[in-house]
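J.: mind folding the following:
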Amino acid sequence: MANKGKSLSRSIGLLLASSLVLTLFQVVSCLGAQQPLPLETMPGERLDAALAGTTKDDLLLFWEEKDLYVETATRAEKPLTQVAENMTVITARDIHDMNARSVSEVLNRVPGLFIDFNGMDFSGTSLPHIQGSESRHVRVLLDGVTWNSLGSGEVDTFTIPVQSIERIEIVKGPASSAWGSALGGVINIITKGTGDTTIPKGMVSASYGEANSQNYRAELYGKGGAAGYYLYAGRQDSDGLRKSRAFWQNNLYAKASVAPTRDLDLVFSTGYSNPHINSGATPEFNLRSGSNLTTFFATGALDYRISTELSLKGSAHLFRQKVDQRFNFITPNELLRKVVFDEKSGGGNLRLVYAAGMHTAVLGMDASHGTLDQTILAGPFYQSAGQPASSSVSPSVDKWALFANDTIELGKLAITTGFRLDHDNITGYFASPSIGAAYELGEYTVARATVARGFNSPGIGITSGGGIFLLANPALKTEYGWSYQAGLESGIADAVQVKGSLFRHDTTNEIFLDATNRFAKIYRNGGDITRQGYELEAESVPLYHLTLKLGHAYVHKSADSASEGIDNYSYMVAIKYDDRTSFMAQLMGNYVWWNLPAVQGAKYDTFIWDLALNKKIFTTDNTETEIFANVHNIFGGAYYTLNVQPNPGRWVEGGLRFRF
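T.: Below you'll find the predicted structure:
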């Protein structure tokens, strides 16, 4: 009966999803009809009249020239209309309107991304899954630096300051022909550029919320002599919105650019963060835990224009991340275990980019070296079970890759072919071909389709083991598979932008954790797993300052290791009022169905609604003062995937933002 109930829910959900576009178009038409018009006005003229109060920027909201160029799909800038991959772009304006505190909050509003929040607190982890992938399948980049853990391959983004982001480009589905190990997709975080005026510009903001939650930010950018600069400093602090999960961290970020010649641009950036987390007590398990992190990175990049058609681009980076986790019994007050992960990596890349005539071609190479120093200390509980008091491993990995792709423009048709050969000293060689096409069916209508082979290399902490708790499995194989996607994006009557995508991802050598022996867990390769489903999105241009946005994603996963498949799906609704001069209000609701086992004690069968408000209170030619407020989880819904880490109920924060 339970399965029949879920089947009925899915049928209703599919019916609702299929009506998203029609509903939105009807809303737009009704809004247009409210304006008094002569009776003889035709329907098309009626909509034109309703749109008469909007600006050219409103009508071209989705197709403005400045937003048309993206770089993540093939690692070279090209028009979005020529991108074959399923891609989403989030801008700094989007982030500002959300009053977002973290990258995960921003990503949580993208259909097809499923963010697994561990508590939704300031300190809660938040692992991204794209179209049902594992978190380790999603590659996250910041200024060209891979943010994924060398040990597990998973990624958490709360150490990235959201204020410094210019845009986020998301490729859904395997992106291995351009980026290597990226079976689920790529989230490329592009930071703000340096300033171009001698008089500095910047922003200062401060906010305060419940549980003594504080958030301070400051940025400064400008130009001194021949060098441009961008500086950011921030601090977050909270006593814990649930279960005393206290948290604080400082963030620093700096970028400098210089052009020694008219054909050469050099950019350098560096960043630092130091989160301190008290995860609070879990009486159900007689445990309390906490962790300290330190993240540091530095990059250097060059762009040399050899000719008007050919350029040489390259970058180098250093990255270090140290995690110190401690787990203690509440009673007696003694150590259960302590784990220290100290990761260091460095590498670089070079790319030749040719853009002329019908071609946008890239030829490049990547290389990197990484080490993981992992130390585990066991308390009396594990020692009494025959486990050693301590264990240390120091695995390393060396990687290199060659890649090439070409986008060929044939009138309204753009065909992209790509190929990449990867090698690392643990799993050996892997080849990733891809082919895709984008076709402009009309002025604002694009059809896209791709076929790609992707892979995911296991983390070196998985293959080397953890000594006390995790056995090594150096024979672990790479996960790989083929992906097929097709989609259509179109503007209707200059009023509504709609987008639909179908996907199927077939994966072989699924990696899973064999935990039959709690003191000797080990990762193994399993059989095949298939993820297939669809995404639907619709967004109106502003009418009478109102915008409506709807989204829905559905994934069905079936694996050889499971007797039945599972369904994940989500719904997103956003209503926004923005007069573009002084006031903005945005109400957004998110619903995610995870389909987790009942024994896990998760709760998520509800919409979570958030409200963001921005009001400019004082403006001059050179300054702007704004107050803002957020009401999180307005109706106090329960949303968590682990019962020992419940999410906060309704909580409020507000602050002041000053730009100059």
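
J.: hey, what's residue 514 bridged with?
T.: On the basis of DSSP bridges, residue 514 takes part in beta bridges with residue 522.

J.: residues contacting it?
T.: 521, 522, 523, 524 (CB atoms under 8 Å, 6 or more residues apart in numbering). Heads up, the C-betas are built off the backbone N, CA and C, glycines and all.

J.: would you format these as a markdown table with distance to residue 200 and pLDDT included?
T.: Shown next, in a markdown table, are the contacts of residue 514 (distance: CB to CB, whole Å; pLDDT from 0 to 100):
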| residue | distance to residue 200 | pLDDT |
| --- | --- | --- |
| 521 | 53 | 87 |
| 522 | 55 | 91 |
| 523 | 51 | 92 |
| 524 | 56 | 93 |
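
J.: which one of those residues has the most neighbours?
T.: Within the contacts of residue 514, most neighbours by other CB atoms under 10 Å means residue 523, with 21 neighbours.

J.: right, and that residue touches residue 510 too?
T.: No - the criterion here is CB atoms under 8 Å, and residue 523 misses it with residue 510 at 10.7 Å.

J.: from the contacts of residue 514, pick the one nearest residue 396.
T.: residue 523 (18.5 Å; CB to CB).

J.: for the stretch 501-650 of the chain, what spans make up the helices?
T.: Ranges of helices in the stretch 501-650 of the chain, per DSSP state H, counting those that start in this stretch: none exist.

J.: what's the answer for the chain, then?
T.: With DSSP state H as the criterion, the chain has helices at 2-18, 20-33, 43-50, 56-59, 92-98, 103-107, 176-179, 380-384, 460-464.

J.: which helices and strands does the last one pack with?
T.: For helix 460-464, the contact count by 3 or more CB pairs under 8 Å, 6 or more residues apart in numbering; DSSP states H and E identifies strand 359-378 as packing neighbours.

J.: mind doing that once more with 10 Å?
T.: In this structure, helix 460-464 makes packing contacts with strand 335-356, strand 359-378, strand 390-393, strand 396-410, strand 522-525, judged by 3 or more CB pairs under 10 Å, 6 or more residues apart in numbering; DSSP states H and E.

J.: distance from the last one to the middle of the chain?
T.: Centroid separation between strand 522-525 and its chain, computed with CA atoms, centre = their mean, to the nearest Å, is 27 Å.

J.: now the strands for the stretch 551-660 of the chain?
T.: Assigned by DSSP state E, counting those that start in this stretch, the strands in the stretch 551-660 of the chain fall at 566-578, 583-593, 608-619, 624-632, 651-659.

J.: got the angle for the third one vs strand 651-659?
T.: Meaning strand 608-619. On the basis of axes from the mean of the first three to the mean of the last three CA atoms, to 10 degrees, strand 608-619 is oriented at 30 degrees to strand 651-659.

J.: check the longest one too.
T.: Relative orientation of strand 566-578 with respect to strand 651-659: 50 degrees, computed using the same axes, to 10 degrees.

J.: who does strand 566-578 pair up with?
T.: Assessed with DSSP bridges, strand 566-578 is paired to strand 546-559 (antiparallel), strand 583-593 (antiparallel).

J.: next one: it to chain centre, how far?
T.: For strand 566-578, the distance to the chain centre is 16 Å (CA atoms, centre = their mean).

J.: how much space separates residue 248 from residue 290?
T.: According to CB to CB, to the nearest Å, residue 248 and residue 290 sit 12 Å apart.

J.: likewise for residue 503?
T.: Per CB to CB, residue 503 is found 40 Å from residue 290.

J.: repeat that for residue 319.
T.: Counting by CB to CB - residue 319 and residue 290 are separated by 24 Å.

J.: which of these two has more neighbours?
T.: residue 319 (22 against 18).

J.: can I get the helices and strands packed on helix 460-464 in a markdown table including distance to residue 538?
T.: Output for the helices and strands packed on helix 460-464, formatted as a markdown table (distance: least, CB to CB, whole Å):
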| stretch | distance to residue 538 |
| --- | --- |
| strand 335-356 | 33 |
| strand 359-378 | 30 |
| strand 390-393 | 50 |
| strand 396-410 | 28 |
| strand 522-525 | 41 |
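
J.: out of the ones you listed, flag the one nearest residue 575.
T.: Nearest of these to residue 575, taken as CB to CB: strand 396-410 at 37.2 Å.

J.: ok, the closest one: who's next to it in the sheet?
T.: Assessed with DSSP bridges, strand 396-410 is paired to strand 359-378 (antiparallel), strand 413-424 (antiparallel).

J.: in CSV: those, plus mean neighbour count.
T.: Putting the strands paired with strand 396-410 into CSV (neighbours: other CB atoms under 10 Å) gives the following:
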stretch, mean neighbour count
strand 359-378, 18
strand 413-424, 20
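
J.: reformat the ones you listed as TSV; add distance to residue 497.
T.: Output for those, formatted as TSV (distance: least, CB to CB, whole Å):
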stretch	distance to residue 497
strand 359-378	25
strand 413-424	20
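
J.: residue 260: which of the ones you listed is closest?
T.: strand 359-378 (22.9 Å).

J.: that closest one - what's its average pLDDT?
T.: Strand 359-378 carries an average pLDDT of 95.

J.: stretch 264-272 now?
T.: 98.

J.: also stretch 502-511?
T.: Averaging pLDDT along stretch 502-511 yields 96.

J.: mind saving the C-alpha coords of that stretch as CSV?
T.: Taking Å, rounded to 0.1, in the frame of the first residue of the first chain, the C-alpha atoms of stretch 502-511 are listed here in CSV:
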residue,chain,number,x,y,z
LEU,A,502,15.5,14.9,-19.8
PHE,A,503,18.5,12.9,-18.6
ARG,A,504,19.8,9.4,-18.1
HIS,A,505,23.1,8.5,-16.4
ASP,A,506,24.4,4.9,-16.4
THR,A,507,27.2,4.2,-13.9
THR,A,508,29.4,1.1,-13.6
ASN,A,509,31.6,0.1,-10.6
GLU,A,510,29.4,1.8,-8.0
ILE,A,511,31.4,2.5,-4.9
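
J.: in the sheet, who's paired with residue 552?
T.: For residue 552, the beta-bridge partners under DSSP bridges are residue 536, residue 571.

J.: can you check the one 5 residues further on too?
T.: Residue 557 has the following beta-bridge partners by DSSP bridges: residue 531, residue 566.

J.: where exactly do the strands run in the stretch 201-350 of the chain?
T.: 201-209, 213-224, 227-238, 247-261, 264-273, 276-282, 287-305, 310-329, 335-356.

J.: weakest of those strands by average pLDDT?
T.: The lowest average pLDDT among the strands of the stretch 201-350 of the chain, as it happens, falls on strand 276-282, at a mean of 88.

J.: counting contacts, what elements does that one pack onto?
T.: strand 247-261, strand 287-305, strand 310-329.

J.: now do that strand against strand 287-305, angle only.
T.: Angle, strand 276-282 to strand 287-305, by the same axes, to 10 degrees: 150 degrees.

J.: can you list the residues that contact strand 276-282?
T.: Under the contact criterion CB atoms under 10 Å, 6 or more residues apart in numbering, strand 276-282 has outside partners 118-119, 121-125, 158, 237, 239-240, 242-250, 287-294, 324-328, 330, 643-645.

J.: what angle separates it from strand 247-261?
T.: Put simply, strand 276-282 runs at 150 degrees to strand 247-261, going by the same axes, to 10 degrees.

J.: what's the angle between strand 276-282 and strand 227-238?
T.: 20 degrees.

J.: neighbouring strands for strand 276-282, and are they parallel or not?
T.: Here strand 276-282 has these sheet partners by DSSP bridges: strand 247-261 (antiparallel), strand 287-305 (antiparallel).

J.: got JSON lines for those, with distance to residue 94 too?
T.: Below are the strands paired with strand 276-282 laid out as JSON lines (distance: least, CB to CB, whole Å):
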{"stretch": "strand 247-261", "distance to residue 94": "20"}
{"stretch": "strand 287-305", "distance to residue 94": "24"}
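
J.: list buried residues within the contacts of strand 276-282.
T.: 118-119, 121-125, 158, 237, 239-240, 242-243, 245-250, 287-291, 293-294, 324-328, 644-645 (16 or more other CB atoms under 10 Å).

J.: alright, that wraps it up for me.
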